[in-house]
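Novice: need a 3D model of the following:
(chains A and B)
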Amino acid sequence: METILKVENLGVRFGEDQVLKNLDFSVNKGDVLAIVGPNGAGKSVLFRTLLGLLPYSGKFEWAKDLKISYIPQKLAIDRELPLSVGEFIKFKQKDKAKIINILKSVGIGAEHQNDNEHYLRHIEQHVLNQRLGWLSGGQIQRILIAWALLDNPDVLLFDEPTAGIDIGGEETIYNLLKKLHTELNLTIFLISHDLNIVYKYANNVLCVNKEMICYGIPATVLDPNSLVKLYGGEAGFYQHENHHG
Amino acid sequence: MDNSFILQLATGTLVGLGAGYVGSFMVLRRMSLVGDALSHVALPGIAVSLLLNINPFFGAFAALLLVTILIWLLERKTEIPSETLVGIMFTLSLTLGLLLTPEPELLEALFGDITQIQYLDFIITLVSVIAIFIVMKKISEKLMLGIVSKEMAQANKIPINKINFVFLFLVAVIVALGLKVVGTLLMGALVIIPAATAKNTSVNLSQYTKLSMVFGVLSAFLGLLAATYIGITPGPTIVLTAGIIFMVTLFFKRK
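Specialist: Alright, predicted model coming up:
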């Protein structure tokens, strides 16, 4: 197994506030690593640190020549923002055929895919020429995934893929990630609140609450003990939150 | 039409054009108040220029640049929103400017006087607006990405702080250019209203920025014509024209 990320004794501090400490883990190529923890546990901070956006102590090392794409926590895109989906995508990719391909692969307009001409018209009118802020939460997530995939990444960092999406949409976003994981041989890091998702989709889990509580295969390491430590008290078992941490 | 009026029209429309372009991104970045307030910061700069007998553009620009740098630094260090920072700076500079500006020139500094425009002013405006266009074209996609998500932009290796600084610099340039046309008190309006108008009527970015420029140009052009025809002060007339266009577009607002 090829290791693509090695983290040793990683810590992050904002002034007096120690946000993360003692993180030790490594990620192999093709892994799906879920990062779980309560609100304010430092999960998003961990992502931003791994992207090189924050100062840190200890060390982490990505494999050479990796392309990493990042999808931040649910974007609050103003409905009034005059930016069309097409323009947003063209920031990265101007080739129409490539854009259409990517949109297909993330399941945009899936119900129109059997008729190619009809599909193109549908995409043009109802997706590319629409304001980004007019799309539903689930569609915005798909567009963001498409946007991230345009770089042909090796690694995808995904912060709360389903925050602000209704239950049905939630399931399909994860199925999409699973599909992309297999098709594109992606390594995926995802932050989630939902332990069901972790069991179902991740082969490794990292529990964080300011420090590392557990790390390993979900079925093995997510025992009652570490869950209490992670979420605090009995209530922790049933904790399903929809807001962000 | 005499030569001096053509010069006024040319300078005014150029300023309207640049204000529309820069303003479109100020509105998106929720800097409407910033624009308004920044224009007041120019007053002490103008006062000093008058006292030293140099072209007020340079004094105003120097004052604006100084405050822009301060705001940029404070924004990075403290996370206090620019609006608060600017709110403080602007009242202070207005006070200072009012005390420093010689009384005969005060009215002109506050509301502009495009009839005093010289050939040199036109040249400065022309060159600056061309420069604004070149730079804006280069940074606009990055600015937009920063508006959609600062973190995503950073993760895509966009030097967002640098881009923001360049943008604030352009804001300073356009505000300084507008002082002769509509004056310190009203320049904020000429930067913001055309953009707000365009936002009412456009779906995508390219349409939005273009319309913002069109509305900027229209306000300046029609405002100047109206002022000359009726015989009233041009500065406020230009801003009033922009306001009327805004009101009209409210009826066409996209939901």
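Novice: only C-alpha atoms for contact and neighbour calcs from this point on.
Specialist: Noted.
Novice: the longest helix along chain A: which residues count as buried?
Specialist: Scanning chain A for the longest helix, with DSSP state H as the assignment, gives helix A:167-184. For helix A:167-184, the neighbour count (16 or more other Cα atoms under 10 Å in any protein chain shown) marks A:Gly169, A:Glu170, A:Ile173, A:Tyr174, A:Leu176, A:Leu177, A:Lys178, A:Leu180, A:His181 as buried.
Novice: dihedrals phi and psi, the residue nearest the centre of chain A?
Specialist: Among the residues of chain A, the one closest to the centroid is A:Phe158, at 1.2 Å (Cα atoms, centre = their mean). Per-residue torsions, A:Phe158: phi -130, psi 110 (degrees, to the nearest 10).
Novice: in the helix ranked longest in chain B, what's buried?
Specialist: For chain B, the helix with the greatest residue count under DSSP H is helix B:119-148. By neighbour count on 16+ other Cα under 10 Å, the buried set for helix B:119-148 is B:121-122, B:125-126, B:128-129, B:132, B:136, B:140-148.
Novice: tell me who's in contact with the residue nearest to the centre of chain A.
Specialist: A:Tyr70, A:Ile71, A:Pro72, A:Gln73, A:Ile188, A:Phe189, A:Leu190, A:Ile191 (Cα atoms under 8 Å, 6 or more residues apart in numbering or on different chains).
Novice: got a pLDDT number for it?
Specialist: A:Phe158 is assigned a predicted lDDT (pLDDT) of 89.
Novice: tell me what it is bridged to.
Specialist: Beta bridges link A:Phe158 to A:Ile71, A:Leu190 when assigned by DSSP bridges.
Novice: distance-wise, check A:Thr220 relative to A:Cys214.
Specialist: From A:Thr220 across to A:Cys214, the span is 10 Å (Cα to Cα, to the nearest Å).
Novice: leaving out sequence neighbours, find the closest residue to A:Leu50.
Specialist: A:Phe60 (7.5 Å; Cα to Cα, 6 or more residues apart in numbering or on different chains).
Novice: could you check the pLDDT of the residue sitting furthest away from the middle of chain A?
Specialist: Within chain A, the residue lying farthest from the chain centre (Cα atoms, centre = their mean) is A:Glu117, at 32.2 Å. At A:Glu117 the predicted local confidence, pLDDT, stands at 84.
Novice: return the residues in contact with the nearest residue to A:Leu51 once chain neighbours are set aside.
Specialist: Nearest residue to A:Leu51, sequence neighbours excluded (Cα to Cα, 6+ apart): B:Ala155, at 6.5 Å. Applying Cα under 8 Å, 6+ apart to B:Ala155 gives the contacts A:Leu51, A:Leu53, A:Ser69, A:Tyr70.
Novice: returning to that earlier point: out of the contacts of A:Phe158, which two are the most distant from each other?
Specialist: Maximum pairwise distance among these (Cα to Cα): 15.1 Å, between A:Gln73 and A:Ile188.
Novice: can I assume B:Asn55 is in contact with B:Ser49?
Specialist: Yes: if you go by Cα atoms under 8 Å, B:Asn55 and B:Ser49 touch, sitting 6.4 Å apart.
Novice: can you give the distance of stretch B:192-205 from its chain's centre?
Specialist: Chain-centre distance of stretch B:192-205: 16 Å, with Cα atoms, centre = their mean, to the nearest Å.
Novice: next: stretch B:134-144.
Specialist: 17 Å.
Novice: what does chain B have sitting close to chain A?
Specialist: B:28, B:141, B:148-149, B:151-152, B:154-156, B:199, B:202-205, B:208 (Cα under 8 Å from any Cα of the partner chain).
Novice: any idea how chain A splits into domains?
Specialist: A:3-66+A:154-238, A:85-140 (automatic domain parsing).
Novice: mind giving me CSV with the ones you listed and columns for distance to B:His40?
Specialist: Shown next, in CSV, are the domains of chain A (distance: least, Cα to Cα, whole Å):
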stretch, distance to B:His40
domain A:3-66+A:154-238, 36
domain A:85-140, 34
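Novice: of all the ones you listed, which lies closest to B:Ala220?
Specialist: Closest among the domains of chain A, using Cα to Cα: domain A:85-140, at 29.7 Å.
Novice: tell me which stretches of the chain form helices.
Specialist: If you meant another chain, say so; for now it's chain A. A:43-50, A:85-90, A:96-105, A:116-123, A:137-149, A:167-184, A:195-201, A:218-221, A:224-231.
Novice: my question was about chain B, not that one.
Specialist: Under DSSP H, chain B gives helices at B:3-28, B:32-52, B:56-78, B:82-100, B:103-111, B:119-148, B:150-155, B:160-182, B:187-201, B:205-230, B:234-250.
Novice: rebuild those helices as JSON lines, extending it with mean pLDDT.
Specialist: Formatted as JSON lines, the helices of chain B follow (pLDDT from 0 to 100):
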{"stretch": "helix B:3-28", "mean pLDDT": "94"}
{"stretch": "helix B:32-52", "mean pLDDT": "83"}
{"stretch": "helix B:56-78", "mean pLDDT": "84"}
{"stretch": "helix B:82-100", "mean pLDDT": "80"}
{"stretch": "helix B:103-111", "mean pLDDT": "81"}
{"stretch": "helix B:119-148", "mean pLDDT": "94"}
{"stretch": "helix B:150-155", "mean pLDDT": "86"}
{"stretch": "helix B:160-182", "mean pLDDT": "90"}
{"stretch": "helix B:187-201", "mean pLDDT": "91"}
{"stretch": "helix B:205-230", "mean pLDDT": "96"}
{"stretch": "helix B:234-250", "mean pLDDT": "93"}
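Novice: quick one: low-confidence parts of chain A?
Specialist: A:164-169, A:171, A:233-245 (pLDDT under 70).
Novice: show me what contacts the closest residue to B:Leu126 other than its chain neighbours?
Specialist: Excluding its sequence neighbours, the residue lying closest to B:Leu126 (Cα to Cα, 6+ apart) is B:Leu14, at 6.9 Å. The neighbourhood of B:Leu14, defined by Cα under 8 Å, 6+ apart, consists of B:Thr125, B:Leu126, B:Val129, B:Val217.
Novice: kind regards, and thank you for your time.
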